[in-house]
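Q: one predicted model, sequence on top.
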Amino acid sequence: MPDPSAGHPTALPRFAGRPVWVVAGVVGVVHLGLAAVPRRWFDEDLMLAIGRHHLDTGAVDQPPLTPLLARLADAVAPGSQVVLAVPAVVATVAAVLLTALMARELGGDRRAQTLGALAQGTGIAAAQFGHWLTPYTLEPALWSVLFWLLLRWVRIRDDRLLVVLGLVAGVTAQTRFQIGALGIVLLVALAVTGPRELLRRPALWLGAVLALLVASPALAWQMANGWPQLAMAGAVADENAAIYGGPVLVVLHGLAVVGPMALGLAVCGLAGLVRDPRLHPYRVVGVAFVLLFAAVAVSSGRHYYMLPMYPVLVALGVVALQHRRVGRPAVGVEDHPGDSVRPAAGRHRHPDRRTRQLGVRVQPRGRAEQPPRVQVDHRGQIQLPGRGGDLGHVPDPSAVRLGRSETPTKQVRELRRRAVLAGQPVVPLDPAGDQALAAHRVRHGLLRHPPSGLTQVGVQTG
């Protein structure tokens, strides 16, 4: 059940169904068309050979799920490349949809969801082997389910999600054992950045037990056969050394196949985890990515080992860009007559260093007036009180910096003991002692229509 202490979860934006499904549909049709083109790929042929002739609870190179799917496809339509590709195409399309769903879970609007789906669907790796029935084609979708469950738990604190997460992790382990490395780095990341509360939830450890139970047949096969998967790790490192000459080129190859759009958004996501306070609860994802990236690079793993991590980073990236597009959340400033700006009381301070110097803190939204503080809508404008002027001497206060497309407002509202709606005419300044509220920088066009949330700004100085 949801944790009552977590409060009421914030409402999510509507799912951008039409554009996301269009992107997913195009990706699916293109890959089914490519599947009809004659092809021979060793990894896919290996899965089919294992499924046809050596299907067991495990194999030297891979767990049994992908060979089992290959055998089922071959049983339905023997020798059909298109039918063989259907599970891979379904997984590729699912990764596109799940990227949009993760963006929505983070608060992403229609544009952010669509951009995330487009980036995932047009990645170079996805275009290359999105129709090959291989374990690394199935992984991005499975890992995306895991991360969607994790993001959702962070938002609503429903421990039932952790049990489902464990079951999905067990199924993922039947595809590739790399999920074990992800689990380890996630635990370390939780201990470093939190939410540490997750480590104290019994449901998490129940999910871990379920994951081991689901994966136990493949693990038992490995144990009975001397853990050949460990020997394969050494063989992969030797092969990479022969092909690339060192881990640096392997890493560069891995980054190149992500695709320019997805890679750029992933970088934005990592930056947002550091700089955007609204994404700080999800920093566990960034730390896990860094740890796993370092482990794969040091061990000289295959260039595609990190690909399943990128959908969640893309989702974080599109939401980080959305936050820059719509501005910062509503802020409040203590109103002290005689002082231009003083720090606001309270425990929720804006973590940005320059903003703290201006005394800005996050204010809860919902009331039209909150004297003696100023409350404004984060999509429209940010106003600061000052005595005897409009703080025009502050060239670029970080609290009101909304992005490169910002423009100075043509209207300055100067108020005393009253509230106004966005767009009302200027009130003449009383130079004897009125407190001035100055809208320093406002994105072009936002003042033409009052924001949908809080549209009233109030101050009381008496």
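A: All right, it came through fine.
Q: what residues sit buried inside stretch 106-119?
A: For stretch 106-119, a neighbour-count test (16 or more other CB atoms under 10 Å) marks 106-110, 112-119 as buried. To be clear about C-beta, it is placed using only N, CA and C from the backbone, and glycine gets the same treatment.
Q: wait, stretch 224-234
A: Those would be Gln229, for stretch 224-234 by 16+ other CB under 10 Å.
Q: ok, the nearest residue to Ala320 once chain neighbours are set aside - how many residues close by?
A: Counting by CB to CB, 6 or more residues apart in numbering, Ala320 lies nearest to Gly272, which is 2.8 Å off, once chain neighbours are set aside. Residues near Gly272, counting by other CB atoms under 10 Å, number 27.
Q: for Gly317, same thing?
A: Neighbours around Gly317, by other CB under 10 Å: 29.
Q: can I assume it is in contact with Leu263?
A: No - in terms of CB atoms under 8 Å, Gly317 does not count as a neighbour of Leu263; the distance is 9.5 Å.
Q: name the helix or strand for Ala59, please.
A: Using DSSP states H and E, no element contains Ala59; it sits outside every helix and strand.
Q: quick one, what contacts it?
A: 50, 67, 221 (CB atoms under 8 Å, 6 or more residues apart in numbering).
Q: in three-state terms, label the first one for me.
A: The reference is to Ile50. At Ile50 the chain is in helix, as set by DSSP: H, G, I helix; E, B strand; the rest coil.
Q: again with the second one
A: Assigned by three-state DSSP, the conformation of Pro67 is helix.
Q: look up how far Thr92 lies from it.
A: 19 Å (CB to CB, to the nearest Å).
Q: same question, the last one
A: Separation of Trp221 from Thr92 (CB to CB) stands at 28 Å.
Q: please apply the same query to the first one.
A: Here the distance between Ile50 and Thr92 works out to 22 Å (CB to CB).
Q: those two - which one has more neighbours?
A: Thr92 (28 against 21).
Q: the more buried one: helix or strand, and which one exactly?
A: Residue-wise, Thr92 maps onto helix 81-105 under DSSP H and E.
Q: in that helix, what counts as buried?
A: For helix 81-105, using 16+ other CB under 10 Å, the buried residues are 81-89, 91-105.
Q: my read: Asp56 touches Ala224, true?
A: No - using CB under 8 Å, Asp56 is not in contact with Ala224; the gap is 10.3 Å.
Q: wait, is Val258 part of a helix?
A: No - read with three-state DSSP, Val258 is coil and lies in no helix.
Q: just the pLDDT at it, thanks.
A: Looking at Val258, its pLDDT stands at 95.
Q: tell me how many other residues surround it.
A: The number of residues near Val258, taken as other CB under 10 Å, comes to 24.
Q: test my guess that it contacts Ala266.
A: Yes - the pair Val258 / Ala266 is scored as a contact, 7.0 Å apart, by CB under 8 Å.
Q: joint contacts of these two?
A: Tyr310.
Q: before we move on, the earlier item: export the buried residues of stretch 106-119 to TSV and tack on secondary structure?
A: Converted to TSV, those look like this (three-state DSSP):
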residue	secondary structure
Leu106	coil
Gly107	coil
Gly108	coil
Asp109	coil
Arg110	helix
Ala112	helix
Gln113	helix
Thr114	helix
Leu115	helix
Gly116	helix
Ala117	helix
Leu118	helix
Ala119	helix
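Q: kindly reformat those as CSV containing pLDDT.
A: Output for the buried residues of stretch 106-119, formatted as CSV (pLDDT from 0 to 100):
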residue, pLDDT
Leu106, 96
Gly107, 94
Gly108, 94
Asp109, 94
Arg110, 95
Ala112, 96
Gln113, 97
Thr114, 97
Leu115, 97
Gly116, 97
Ala117, 97
Leu118, 97
Ala119, 97
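Q: now for those residues, which pair is the farthest apart?
A: Greatest spatial distance among the buried residues of stretch 106-119 (CB to CB): Gly107 and Leu118, at 18.6 Å.
Q: now do the strands in this structure.
A: 331-332, 361-362, 383-387, 406-408, 418-421, 435-439, 441-443, 456-459 (DSSP state E).
Q: quick one: average pLDDT of the fifth one?
A: Same thing as strand 418-421. 41.
Q: got it, and the first one?
A: Confidence for strand 331-332, expressed as mean pLDDT, is 40.
Q: for the second one, same thing?
A: This predicted structure assigns strand 361-362 an average pLDDT of 38.
Q: check contacts around Val258.
A: With CB under 8 Å, 6+ apart, Val258 has these contacts: 123-125, 266, 307, 310.
Q: closest to Gly286 out of these?
A: Out of these, the member with the shortest distance to Gly286 (by CB to CB) is Ala266, at 10.2 Å.
Q: now for that closest one, how many residues are close by?
A: Neighbour tally, Ala266, other CB under 10 Å: 24.
Q: same deal with Arg40?
A: 7.
Q: confidence score at it?
A: 82.
Q: and what of Ala436?
A: Reported pLDDT for Ala436: 35.
Q: same check on the one 3 residues further on?
A: With respect to pLDDT, Ala439 has a value of 39.
Q: ok, and the closest non-adjacent residue to Leu149?
A: Leu165 (4.4 Å).
Q: what residues does the one you found make contact with?
A: Taking CB under 8 Å, 6+ apart, one finds 146, 149-150, 153, 207 in contact with Leu165.
Q: where in the stretch 251-400 of the chain is pLDDT low?
A: 327-400 (pLDDT under 70).
Q: show me where it has helices.
A: 260-275, 283-298, 310-326, 353-357 (DSSP state H, counting those that start in this stretch).
Q: hang on, the earlier thing: wait, isn't the residue nearest to Ala320 in contact with Val314?
A: No - contact criterion CB under 8 Å: Gly272 and Val314 do not qualify, at 11.5 Å.
Q: please spell out which residues along stretch 44-53 are buried.
A: 44, 46-48, 50-51.
Q: can you redo those residues as JSON lines with distance to Tyr136 and pLDDT?
A: Shown next, in JSON lines, are the buried residues of stretch 44-53 (distance: CB to CB, whole Å; pLDDT from 0 to 100):
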{"residue": "Glu44", "distance to Tyr136": "11", "pLDDT": "90"}
{"residue": "Leu46", "distance to Tyr136": "12", "pLDDT": "89"}
{"residue": "Met47", "distance to Tyr136": "11", "pLDDT": "91"}
{"residue": "Leu48", "distance to Tyr136": "16", "pLDDT": "90"}
{"residue": "Ile50", "distance to Tyr136": "15", "pLDDT": "91"}
{"residue": "Gly51", "distance to Tyr136": "17", "pLDDT": "90"}
